[in-house]
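**Student:** my questions are about this predicted structure, shown below with the sequence.
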Amino acid sequence: PHRPHDEAVIELLKEAPELADEYLSASLAAIDEPGGRDGLLAALRQVAAAQGMAEVAERAGMQRESLYRALSPRGNPTLKTLLAVLSGAG
């Protein structure tokens, strides 16, 4: 059956949370590639969704709405926010 890519990745990350580190590392390594910034934000968004946005936001010390906004496709998070989200995502 057909399903959106984001849903498939989130489901995989829920089933195998240990993949999150490798996924985020690969996304971060590709940040200078075309589309790399958007790819990193998408990966962070997917990892946070798999772990629970509210839980990641709490661990990152930020409001859930701020996390959604920062990781949205139009988001432009600061380095401080990115580091907090990476820490919150483990």
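**Tutor:** Cool, the structure landed.

**Student:** could you measure from R69 over to D21?
**Tutor:** 25 Å (C-beta to C-beta, to the nearest Å). To be clear about C-beta, it is placed using only N, CA and C from the backbone, and glycine gets the same treatment.

**Student:** more crowded one of the two?
**Tutor:** Between R69 and D21, counted using other C-beta atoms under 10 Å, the more crowded position is R69 (15 against 12).

**Student:** can you pull the contacts of that one?
**Tutor:** R69 is in contact with G75, counting by C-beta atoms under 8 Å, 6 or more residues apart in numbering.

**Student:** tell me which element it falls in.
**Tutor:** helix 64-71 (DSSP states H and E).

**Student:** what is the mean pLDDT for that helix?
**Tutor:** Averaging pLDDT along helix 64-71 yields 92.

**Student:** and what of stretch 38-50?
**Tutor:** pLDDT averaged over stretch 38-50 gives 94.

**Student:** any idea how many residues pack against A89?
**Tutor:** A89 has 19 neighbours, counted by other C-beta under 10 Å.

**Student:** I figured it hits A49, correct?
**Tutor:** No. Counting by C-beta atoms under 8 Å, A89 stays clear of A49, with 10.4 Å between them.

**Student:** this protein: helices as residue ranges?
**Tutor:** Using DSSP state H, the helices of the chain run over residues 5-15, 19-29, 36-51, 53-60, 64-71, 79-88.

**Student:** deepest of those, which one?
**Tutor:** Among the helices of the chain, ranked by average contacts under mean count of other C-beta atoms under 10 Å, first place goes to helix 36-51 (a mean of 20).

**Student:** between that one and helix 5-15, how big is the angle?
**Tutor:** Helix 36-51 runs at 50 degrees relative to helix 5-15, counting by axes from the mean of the first three to the mean of the last three C-alpha atoms, to 10 degrees.
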